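A.B. asks: predicted model and sequence below, questions to follow.
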Amino acid sequence: MFGWKKKKKKKLNGLNDLMEQLRPDLSRESLGVGPDFPGVAPNPVLSSDARKRNAELRTGALALGVLVDWREVNSNPRVVLMFDVETVGGISFRGIADEKLTITELTRLAPGQTLPVRYRPAVMDHYVALARDADPAHVQQLSDEIASRKRT
């Protein structure tokens, strides 16, 4: 079993390259992230890494994301949302959320919207998830803390 992880990693890179060839609008450059970004999974339901990541994001740290743009991946509608994320600790980064939205939610998207997101501080791989379960009072407190930090 020597070299098994190496083959798996090579296979994953091949899938990411294939995804970039099939959907150039989902390439690292198009999404505004660096070369360390693992990429958008062709099918997150079948990807064990994507399922694990999504489970970790559901319990991740809360931050605020300003919606920059989005790309429809399929007609479910599965979309990739691009955010400029600000954390309470003062870290800013480009965040990518791979989400299933309803048609109603999709029609309400507008660049510049500020939405609560969750991220994994220990990993910092550009992946975020919409924090649909976030308490509005906690989101307001987070927003106030970020705004007060910017003023000083």
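C.D. replies: Cool, got the structure.

A.B. asks: partner strands of the strand ranked longest in the chain, with direction?
C.D. replies: Ordering each strand of the chain by length in residues (DSSP state E) puts strand 61-74 first. Strand 61-74 has its sheet partners listed here by DSSP bridges as strand 78-86 (antiparallel), strand 114-119 (antiparallel).

A.B. asks: distance between the ends of stretch 31-46?
C.D. replies: With Cα to Cα, to the nearest Å applied, stretch 31-46 spans 23 Å between its terminal residues.

A.B. asks: quick one: buried residues of that stretch?
C.D. replies: 31, 33, 37-42, 44 (16 or more other Cβ atoms under 10 Å). In short, each C-beta sits where N, CA and C put it, glycine included.

A.B. asks: okay, and which of the residues you listed map to helices?
C.D. replies: residue 31 (DSSP state H).

A.B. asks: let's have the buried residues of stretch 31-46 in TSV, adding pLDDT and distance to residue 109.
C.D. replies: As requested, these are exported to TSV (pLDDT from 0 to 100; distance: Cβ to Cβ, whole Å):
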residue	pLDDT	distance to residue 109
31	80	16
33	79	20
37	77	22
38	74	24
39	75	22
40	77	18
41	72	21
42	71	23
44	75	19
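
A.B. asks: can you tell me which of the buried residues of stretch 31-46 is nearest residue 141?
C.D. replies: Using Cβ to Cβ, residue 33 is the member of the buried residues of stretch 31-46 that sits closest to residue 141, with 28.6 Å.
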